[in-house]
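the sequence and its predicted three-dimensional model are supplied below.
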Amino acid sequence: MKNNKWLFVFLLVLLNFGISFFNITRGHNWGGDFSQYIMQAQSIVLGSINEFMLRNEFTINQSSYLFAPNSYPWGFPLLLTPIIYLFGIKVLALKLVGVFFYSAFLIVLFIFASLRLKEKDALLVTAFFAFNPSMQIAINNILADIPFLFFSTLSIFLVDKYSSIERENNNKFGILIGIIIFLSFTLRANGLLLFGALGLIHLNIFRRKKEENKNTLKWLKLSSIPYISFAILYIINIYFLPNGQTSYYLFLSDITFSAIVDNIPDYFSLTSEIFTDLPGKEYIYWLFLFFFVLGVIKRGWQDIHIHFYIITTYILFIIWPFWEQFRWLYPILPFFILFGIDGMVYFVQYFKPRNQKYFTMIYRGFLMFLIISSFSQVSITAKNNMANNRFESGPFDPNSYQIFSYIRDETPENSVIVFFRPRVMRMLTNRDSYLSLGCDNLMSGDYVVLYEPSWGNYQIHIDQIEQCNSNSLMLQEIKRNPDYRVFSITLLSP
């Protein structure tokens, strides 16, 4: 097994890469975040970062409610820039970034798991993620989540190694940790939570050195290296790129106690989405949760840094004022599954030695069942996707293309378009855009574009559009297709 383990890992990564490639579509869903990442990458390529910031601030501030920061961290846009430079907005090419980083994540996951579990179990963990249907959906989005999953998992792995190889000359390792945590932070602001894990390791080492009466001053200087390397990179980063994500702080005013109370059970159950499309999803989740708790108990204080990262990640999103999707929990999923399998191993040890091999076969058989079910599901999805010519309904489908082309070709360049996904509109038409939920916020626009499949969601309902005509405002339909209706906005003289 030892001689063949990397062959198995290579085959798993290769299979994952192939399935992921055949599962990605040529289109995209209507989540607007992807368009902002792409526009940030475009601004880097074109040298128009300041223009992007000004136009995006208009989109955010003019809309009926605050729905995004002025800019996202610049790490993911930087990853997209080579593709934008070479190919422009080619959705399939841009999605390959996620495919590549997910394959890299699988390698890191196997290495990390193999340090804690037997190699067969480590391979099972890796296979579970290689063919997981929920993660295949994640790969099909142009978002920072998958690269962040890779760098955050790598950060925890390096912090974990740091606790076990602590020595006086570990300054190069400290620099590496600082760099990887910085890269995590440039992808998602919650990458800062990784410093909490590192800080707990340092506190534990510092306590041990004091008990042993060793030179703590020299060690404190060395232990500051990860933080110093991070700080240097952060200063360089804000010198060259604007720090628009500070507008995240504006969201804090929307935090309410009732929302926090509601979020606790919601996020608790949201973890079960890792078992989506698997038979008996809810039962599998509760079973895994039981073994996860056992695994946490087994590892105890030696994994306090990982426990801290899991808990603080949950707390952050529980108090965050907006309900988000399952994707916010991606960084802690490897540890949920890893501790779950660790708990299964721990559970087996309670049986008599002669029976342990049978219970080991049972839990491994259960994991194999999940893996085979997942592989079957994602293989069918990939086959259907290719048979459908990678089509996905959304901003890149034919009806959308027709309307966006009309806006580009038939409206003045300085037009302002009211649309339920304003960043997508700006990306595909180069027209300023904002979101409006009511007639009172149309005065700054020149056109309203309504998307029929989303009537009433993030836009004025079609049945209410006539009510927007008043003594000061007139809306006139000028274009329609099966999915869209376009209205011109005319301001009437008093």
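Okay, I see it.

centroid residue for this protein?
Asp145 (2.2 Å; Cα atoms, centre = their mean).

was I right to think it contacts Phe326?
No: at 9.8 Å, Asp145 does not count as touching Phe326 under the criterion of Cβ atoms under 8 Å. Where you see a C-beta, it was placed from the backbone N, CA and C, and this is true even at glycine.

the helices in the stretch 1-150 of the chain, which residues?
5-23, 33-46, 49-62, 75-87, 91-114, 119-130, 133-139, 145-164 (DSSP state H, counting those that start in this stretch).

please work out the average pLDDT along the second one.
Averaging the model's pLDDT scores along helix 33-46 yields 96.

then stretch 185-198?
On average, stretch 185-198 scores 93.

start to end distance for that stretch?
14 Å (Cα to Cα, to the nearest Å).

list the buried residues for it?
185-191, 193-195, 197-198 (16 or more other Cβ atoms under 10 Å).

ok, stretch 200-219 next?
For stretch 200-219, by 16+ other Cβ under 10 Å, it's 200-202, 204-205, 209, 219.

out of everything not next to it in sequence, what's closest to the residue nearest to the centre of the chain?
What sits nearest to Asp145 in space, not counting adjacent residues and going by Cβ to Cβ, 6 or more residues apart in numbering, is Arg327, at 4.7 Å.

from the buried residues of stretch 200-219, pick the one nearest Phe336.
Leu200 (19.4 Å; Cβ to Cβ).

who's in contact with the closest one?
304-305, 308 (Cβ atoms under 8 Å, 6 or more residues apart in numbering).

how far away is the residue nearest to the centre of the chain from Tyr458?
The gap separating Asp145 from Tyr458 is 22 Å, by Cβ to Cβ, to the nearest Å.

so what's the residue nearest to Asp145 up against?
Applying Cβ under 8 Å, 6+ apart to Arg327 gives the contacts 138, 141, 143, 145.

repeat that for 10 Å
Neighbouring residues of Arg327 by Cβ atoms under 10 Å, 6 or more residues apart in numbering: 31, 33, 134, 137-138, 141, 143-146, 148-149, 273.

could you look up the SS state of it?
helix (DSSP: H, G, I helix; E, B strand; the rest coil).

swap in Leu450?
strand.

spit out the contact partners of it.
Contacts of Leu450 by Cβ under 10 Å, 6+ apart are 418-420, 459-462, 465, 477, 480, 483-487.

repeat that with 8 Å
420, 459-460, 462, 465, 484-487 are the contacts of Leu450 under Cβ under 8 Å, 6+ apart.

nearest residue to it in space, ignoring adjacent ones along the chain?
In space, Leu450 is closest to Arg485, 4.8 Å off (Cβ to Cβ, 6+ apart).

sec struct for that neighbour, please.
Strictly by three-state DSSP, Arg485 counts as strand.

I figured it was touching Pro453, is that so?
No: at 12.0 Å, Arg485 does not count as touching Pro453 under the criterion of Cβ under 8 Å.

more neighbours: the two, which one.
Counting neighbours by other Cβ atoms under 10 Å for Arg485 and for Pro453 shows that Arg485 has the greater number, 17 against 12.

the more buried one and Gly445, how far apart?
For Arg485 relative to Gly445 (Cβ to Cβ), the value is 15 Å.

coming back round to it: want to throw the buried residues of stretch 185-198 into a markdown table with distance to Ile225 and secondary structure?
Shown next, in a markdown table, are the buried residues of stretch 185-198 (distance: Cβ to Cβ, whole Å; DSSP: H, G, I helix; E, B strand; the rest coil):
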| residue | distance to Ile225 | secondary structure |
| --- | --- | --- |
| Phe185 | 17 | helix |
| Thr186 | 19 | coil |
| Leu187 | 22 | coil |
| Arg188 | 23 | coil |
| Ala189 | 23 | helix |
| Asn190 | 23 | helix |
| Gly191 | 18 | helix |
| Leu193 | 20 | helix |
| Leu194 | 15 | helix |
| Phe195 | 13 | helix |
| Ala197 | 16 | helix |
| Leu198 | 11 | helix |
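
relative to Glu282, which of those residues is nearest.
Scanning those for proximity to Glu282, where the rule is Cβ to Cβ, the winner is Asn190, at 27.6 Å.

surely Glu51 is in contact with Ser43?
Yes: using Cβ under 8 Å, Glu51 makes contact with Ser43 at a distance of 6.9 Å.

noted, bye for now.
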